[in-house]
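>>> Give me the fold of what follows.
(2 chains)
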There are 2 protein chains.
Amino acid sequence: MDYETPQFFRVMQYAAAADRDVIDMVSGNPDWDAPAGITEGLHEYADLGGVDYQYPPSEGLTELREEIAARRNVDPESVVVTNGAGEANHLALAAALDREAGREVLLTDPVYPYYPGKTKLLGGTPRYVPVADDGRLDPAAVRERAGSDTAAIVVNTPNNPTGAVYPEDTMAELVGIAEDCGAVLVSDEVYDHFDYSGKFASALGVDSAHRVVTNSFSKSMAITGFRVGYGIFPPALRDAARTRHMLANVTGSRPAQYAVLKALRSTDREYYAANRDRLEERVATFTDALDDAGAEYSTPDGAFYVMARFSGFPGTMANAERLIDEAGVAGMPGETFGETRADWFRFALVTPDVVDAARRLADFFE
Amino acid sequence: MDYETPQFFRVMQYAAAADRDVIDMVSGNPDWDAPAGITEGLHEYADLGGVDYQYPPSEGLTELREEIAARRNVDPESVVVTNGAGEANHLALAAALDREAGREVLLTDPVYPYYPGKTKLLGGTPRYVPVADDGRLDPAAVRERAGSDTAAIVVNTPNNPTGAVYPEDTMAELVGIAEDCGAVLVSDEVYDHFDYSGKFASALGVDSAHRVVTNSFSKSMAITGFRVGYGIFPPALRDAARTRHMLANVTGSRPAQYAVLKALRSTDREYYAANRDRLEERVATFTDALDDAGAEYSTPDGAFYVMARFSGFPGTMANAERLIDEAGVAGMPGETFGETRADWFRFALVTPDVVDAARRLADFFE
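Presented below is the predicted three-dimensional model:
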């Protein structure tokens, strides 16, 4: 497999090298603060030393697994603490494919590009189900494409890049489809704390031997660099997930796990609510300004991305570079996420300068 | 693949559950302190917050890669900072196998059990080259078994469990064999700071497109729980290693990387020398006491394990459990490491109580 600098990094590097100031709306790096418990937890851990600096259990610190399990109302044995949701998704896909019950992985179009990347690395074949213009995923379209060769169905709710939040009945139907065709539904829910619709429904709501839920603290606690996530695996997939985790990574990094445990216990609801409210406000501000710019756009129900389309200016890498050079705004070209969004750009609301960004876009396109 | 609790954990759990005090000589967890720079680095990092809490580059913090590259006298582009040497070895083996130039992985007997585990996970076939009784690896024996189906040759120097340190000419010959049969020599050198012989020779000493060197700070800085290691990859294998690293883990944990960078810059030679001297003293003390116990044993040239054999008491799991229950000493059964050491036990010198441990063994066997 050739190494391709992921397109995210390519755009970020281009923006960083630009000969002007550029508003970064590319990365998924939160620009708000982590909860105080993270910093306190790291200080506390730093002073422990000795045995606390040594290997945690492979599946993660026992107290962290228990804390996660209690919050998600699952058996602690089902939880594997991973190196971010990235590893959790990798373990889930590998476990699904290793069953030798199909090589096909159903993904949505548009898609978070790491999913097809992981699928191909693991020897699977990605197949795409287009979602509606507003991001809705029609379970009937999934069922139509699912079959005996389907090893896994991967969804992301709230969704990056569309901002869709799949309702409870959709999640139940997706689990049902996985069961019916002997596949595994992998539900990546890393944006679950950023649901503006009140309709977010975790796949955990449906008990099934055919679903894995993945998550991380990267977005909810604004610590993408810590690499603490987890997967919740049904009994039949646990051994495969644990074995691969052990053989690929041994275990995750303990300072980060300790800090997350501390923060989980000490962070109140207001922290999450304040971040969600801030993002919701940014969505409103940015989309209002896009209106002024005459752009078509999506209003996300969740996550923190807005997709926008500018007449006669498709979402290519070349045009993303033009926006950086000529408008001073860095966004992701929609073609990165799939055919259905090739006309669009994705803007991450990880900057307070969303009004300025929209004004720059309006100026550029006027 | 079935999940087997690695035998290390099985013995540790058995020891922890024993109805008596047990001296732990099973784990590879250092019982000495990390350098002060680790603790200071974590405190410093904790106070940074903001963007410093977000994703580092996928290949690791740039300054850490540069620091490693400068110390190892290699191009920073060749360095991938990994989630411990465990991930570095995984990436190296995967890169070797992904070339589709053979499925066989040559390992030594005895072997560090994770190597065959990783090999099988990645679809390779382990094949073993027995080493001499004193741990020496005869390159001629490797050459005899190597061929066109050999994808990789994995060695560990200083060696766990034998304590052998492969001299410079052995390393050069191993690289030559890898070149001659189109394989990749993977040299895992995590115990390089624990060389009592003065003969340690890194595979980096031979420039070649056919060798990968892996290492970590887990042992040298007594931070097995931090998960910071690295691989040094030749140009032809870099893309494969980076791609898999990105798709499996995205990147490693930044708090740990930051602390290691700080410690690399602030730790003086005396820290490493004091730990090496302490271990060398423990080797002498423990082996003297084993003499009194009438046991046969290996005197390691490096790493921190002593293998011992007791007449009529083979190195089985059942006998390891008897030693825990009846002697109060936990060691690893030799059969875990391969056929050639089935009569032996491996004792990790990660406790100050080595005299007491040897006395307990003497009492048990008298």
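>>> State the distance from the nearest residue to residue A:246 once chain neighbours are set aside to residue A:79.
Setting aside the residues directly before and after it, residue A:246 is nearest to residue A:58 in space (Cβ to Cβ, 6 or more residues apart in numbering or on different chains), at 4.9 Å. Using the backbone N, CA and C atoms, a C-beta is placed for each residue, glycine as well. According to Cβ to Cβ, to the nearest Å, residue A:58 and residue A:79 sit 12 Å apart.
>>> Looking at these two, which one has more neighbours?
Set side by side, residue A:58 and residue A:79 show unequal neighbour counts under other Cβ atoms under 10 Å in any protein chain shown, the larger going to residue A:79 at 23 against 19.
>>> Which strand residues bridge that one?
Beta-bridge pairing of residue A:79, defined through DSSP bridges, involves residue A:232.
>>> Pull the contacting residues for the residue nearest to residue A:246.
Contacts of residue A:58 were listed using Cβ atoms under 8 Å, 6 or more residues apart in numbering or on different chains, and they are A:242, A:245, A:246, A:250, A:251, B:9.
>>> Could you pick out the buried ones from those residues?
Applying a neighbour-count criterion of 16 or more other Cβ atoms under 10 Å in any protein chain shown, the buried members of the contacts of residue A:58 are A:242, A:245, A:246, A:250, A:251, B:9.
>>> need those in CSV with secondary structure and pLDDT, can you?
Output for the buried ones among the contacts of residue A:58, formatted as CSV (DSSP: H, G, I helix; E, B strand; the rest coil; pLDDT from 0 to 100):
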residue, secondary structure, pLDDT
A:242, helix, 96
A:245, helix, 97
A:246, helix, 95
A:250, coil, 95
A:251, coil, 96
B:9, helix, 81
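>>> Make a markdown table out of those and add distance to residue B:221.
Formatted as a markdown table, the entries for these read as follows, by distance: Cβ to Cβ, whole Å:
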| residue | distance to residue B:221 |
| --- | --- |
| A:242 | 27 |
| A:245 | 23 |
| A:246 | 22 |
| A:250 | 16 |
| A:251 | 17 |
| B:9 | 23 |
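>>> which two from the residues you listed end up farthest apart in space?
Every pair in these was compared (Cβ to Cβ); the two farthest apart turn out to be A:245 and B:9, at 13.2 Å.
>>> can you give me the strands for the stretch 201-350 of chain A?
Counting by DSSP state E, counting those that start in this stretch, the stretch 201-350 of chain A has strands at residues A:211-216, A:229-232, A:296-297, A:305-309, A:329-330, A:332-333, A:344-348.
>>> now those in TSV, with distance to residue B:315 and mean pLDDT?
Converted to TSV, the strands of the stretch 201-350 of chain A look like this (distance: least, Cβ to Cβ, whole Å; pLDDT from 0 to 100):
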stretch	distance to residue B:315	mean pLDDT
strand A:211-216	39	98
strand A:229-232	36	98
strand A:296-297	68	94
strand A:305-309	57	96
strand A:329-330	60	96
strand A:332-333	57	96
strand A:344-348	56	96
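>>> Identify whichever of those lies nearest to residue B:364.
Across these, residue B:364 has its closest neighbour in strand A:229-232 (43.2 Å, Cβ to Cβ).
>>> How far away from the center of its chain is that closest one?
13 Å (Cα atoms, centre = their mean, to the nearest Å).
>>> could you dump it to CSV, C-alpha only?
Taking C-alpha atoms only, strand A:229-232 is exported to CSV below (Å, rounded to 0.1, in the frame of the first residue of the first chain):
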residue,chain,number,x,y,z
GLY,A,229,-11.0,5.8,23.2
TYR,A,230,-12.8,2.6,23.6
GLY,A,231,-14.8,-0.1,21.9
ILE,A,232,-17.7,-2.0,23.4
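>>> Check which helices and strands it sits against.
Using 3 or more Cβ pairs under 8 Å, 6 or more residues apart in numbering or on different chains; DSSP states H and E as the contact test, the elements touching strand A:229-232 are helix A:62-72, strand A:79-82, helix A:84-98, strand A:211-216.
>>> ok, now with 6 Å
Other elements packing on strand A:229-232 under the criterion 3 or more Cβ pairs under 6 Å, 6 or more residues apart in numbering or on different chains; DSSP states H and E are strand A:79-82, helix A:84-98, strand A:211-216.
>>> Any idea how many residues pack against the residue lying closest to residue A:46 once chain neighbours are set aside?
Taking Cβ to Cβ, 6+ apart as the measure, residue A:46 lies nearest to residue B:42, with 3.6 Å between them; neighbours along the chain are not counted. Neighbour count of residue B:42, defined by other Cβ under 10 Å: 29.
>>> How about the contacts made by residue B:42?
By Cβ atoms under 6 Å, 6 or more residues apart in numbering or on different chains, the residues touching residue B:42 are A:42, A:46, B:259.
>>> cutoff 8 Å now
For residue B:42, the contact set (Cβ under 8 Å, 6+ apart) comprises A:42, A:43, A:45, A:46, A:255, B:255, B:258, B:259.
>>> so what pLDDT did it get?
On the pLDDT scale, residue B:42 is placed at 98.
>>> Got the domain ranges for chain A?
Residue ranges of the domains in chain A are recorded as A:7-34+A:269-365, A:36-266, according to automatic domain parsing.
>>> a markdown table for the helices and strands packed on strand A:229-232, including distance to residue B:227?
Rendered in a markdown table, the data for the helices and strands packed on strand A:229-232 read as follows (distance: least, Cβ to Cβ, whole Å):
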| stretch | distance to residue B:227 |
| --- | --- |
| strand A:79-82 | 12 |
| helix A:84-98 | 12 |
| strand A:211-216 | 16 |
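>>> For residue A:321, find the nearest of these.
The closest approach between residue A:321 and any of those, judged by Cβ to Cβ, belongs to helix A:84-98 at 26.6 Å.
>>> do that closest one and chain B meet at all?
Yes. Judged by Cβ under 8 Å from any Cβ of the partner chain, helix A:84-98 comes into contact with chain B through A:84, A:86, A:87, A:90, A:98.
>>> Return the member of these nearest to residue B:22.
Closest to residue B:22 out of the residues of helix A:84-98 next to chain B is residue A:87 (33.7 Å), distances taken as Cβ to Cβ.
>>> which residues does the closest one contact?
Listed by Cβ under 8 Å, 6+ apart, the contact set of residue A:87 reads A:227, A:229, A:245, A:248, A:249, A:252, B:248, B:249, B:250.
>>> Name the nearest residue to the second one, ignoring sequence neighbours.
Counting by Cβ to Cβ, 6+ apart, residue A:229 lies nearest to residue A:216, which is 3.1 Å off, once chain neighbours are set aside.
>>> Where does pLDDT dip in the stretch 101-250 of chain A?
Segments of the stretch 101-250 of chain A classed as low confidence (criterion: pLDDT under 70) are not present in this model.
>>> and the residue in it that chain B sits nearest to, how many neighbours does it have?
Using Cβ to the nearest Cβ, the closest approach of the stretch 101-250 of chain A to chain B is made by residue A:239 at 3.2 Å. Under the neighbour criterion other Cβ under 10 Å, residue A:239 is assigned a count of 15.
>>> Same check on residue A:357?
26.
>>> measure it to residue A:350 for me?
For residue A:357, the distance to residue A:350 under the criterion Cβ to Cβ works out to 11 Å.
>>> any shared contact partners between the two?
Shared contacts of residue A:357 and residue A:350, counting by Cβ under 8 Å, 6+ apart, come down to residue A:25.
>>> ok, now which ones touch the nearest residue in space to residue A:47 that is not next to it in sequence?
Across the structure, with Cβ to Cβ, 6+ apart as the measure, the residue nearest residue A:47 apart from its sequence neighbours is residue B:39 (7.0 Å). The contact partners of residue B:39, by Cβ under 8 Å, 6+ apart, come to A:46, A:47, A:49, B:259.
>>> ok, residue B:39 to residue A:24 distance?
Taking Cβ to Cβ as the measure, residue B:39 and residue A:24 are separated by 33 Å.
>>> again, but for residue A:192
Between residue A:192 and residue A:24 the distance is 24 Å, computed by Cβ to Cβ.
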